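>>> give me a model of this one.
(one chain, ligands or ions: 1)
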Amino acid sequence: MKKKDLKYFKEHLQKWLTELSQGDDCNFENLVATEEQLPDLVDRASQTVERNYAEHFCNRKNLLGRKIEKALQDIEDGTYGICEQCGDDIAIERLKARPVTRYCIDCKTSMERVERAVGR
Ligand SMILES: [Zn+2]
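Model prediction:
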């Protein structure tokens, strides 16, 4: 990959990571405390749903954060934009659409075909 492109993705990924860490706080202790203070069962139930949602949201966010960090690490290592499966370069257009992708479109497509075949 060209230096100019690497620089572009590095800046893009760093910005993304910063934006991600500036989002809503994932403060579960707070949520648990509120739940315990609610005597009404209906409120408690909806509180639990909200907490589950918050956990789900934060897990997804953490997962994405890790993917971005890995991509930034790859840029440092000089392996960014190389498909983990076949070792070919991933198309720039694909990386621009999905900067944290680790596979070229061919490998991704065949993986998805396998996933569908096993009924997931
Ligand atoms: Zn590939």
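>>> and the next helix or strand past the helix ranked longest in the chain?
Taking DSSP state H as the assignment, the helix of the chain that covers the most residues is helix 41-77. Downstream of helix 41-77, the first helix or strand assigned by DSSP states H and E is helix 92-97.
>>> buried ones in that next one?
Buried residues in helix 92-97, counted by 16 or more other Cβ atoms under 10 Å: 94-95. For the C-beta atoms, the positions are set from N, CA and C on the backbone; glycine is no exception.
>>> and residue 15, backbone torsions?
Per-residue torsions, residue 15: phi -60, psi -40 (degrees, to the nearest 10).
>>> measure how buried it is and give me the count.
For residue 15, the count of nearby residues is 11 (other Cβ atoms under 10 Å).
>>> kindly report the same for residue 72.
Number of residues near residue 72 (other Cβ under 10 Å) recorded here: 19.
>>> contacts only, for it.
10, 13-14, 17 (Cβ atoms under 8 Å, 6 or more residues apart in numbering).
>>> put together CSV for those, with secondary structure and pLDDT on each row.
Compiled in CSV, these are given as follows (DSSP: H, G, I helix; E, B strand; the rest coil; pLDDT from 0 to 100):
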residue, secondary structure, pLDDT
10, helix, 98
13, helix, 97
14, helix, 96
17, helix, 92
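>>> which two from these end up farthest apart in space?
Within those, two members stand farthest from each other by Cβ to Cβ: 10 and 17, at 10.7 Å.
>>> interface residues of this protein facing the ion?
83, 85-86, 104, 107 (Cβ under 5 Å from the ion).
>>> do me a favour and average the pLDDT over stretch 100-107.
Stretch 100-107 shows a mean pLDDT of 96 in the predicted model.
>>> my read: residue 89 touches residue 83, true?
Yes. Using Cβ atoms under 8 Å, residue 89 is in contact with residue 83, at 7.4 Å.
>>> between the two, who's got more neighbours?
Using other Cβ under 10 Å, the more surrounded residue of residue 89 and residue 83 is residue 83, with 19 against 12.
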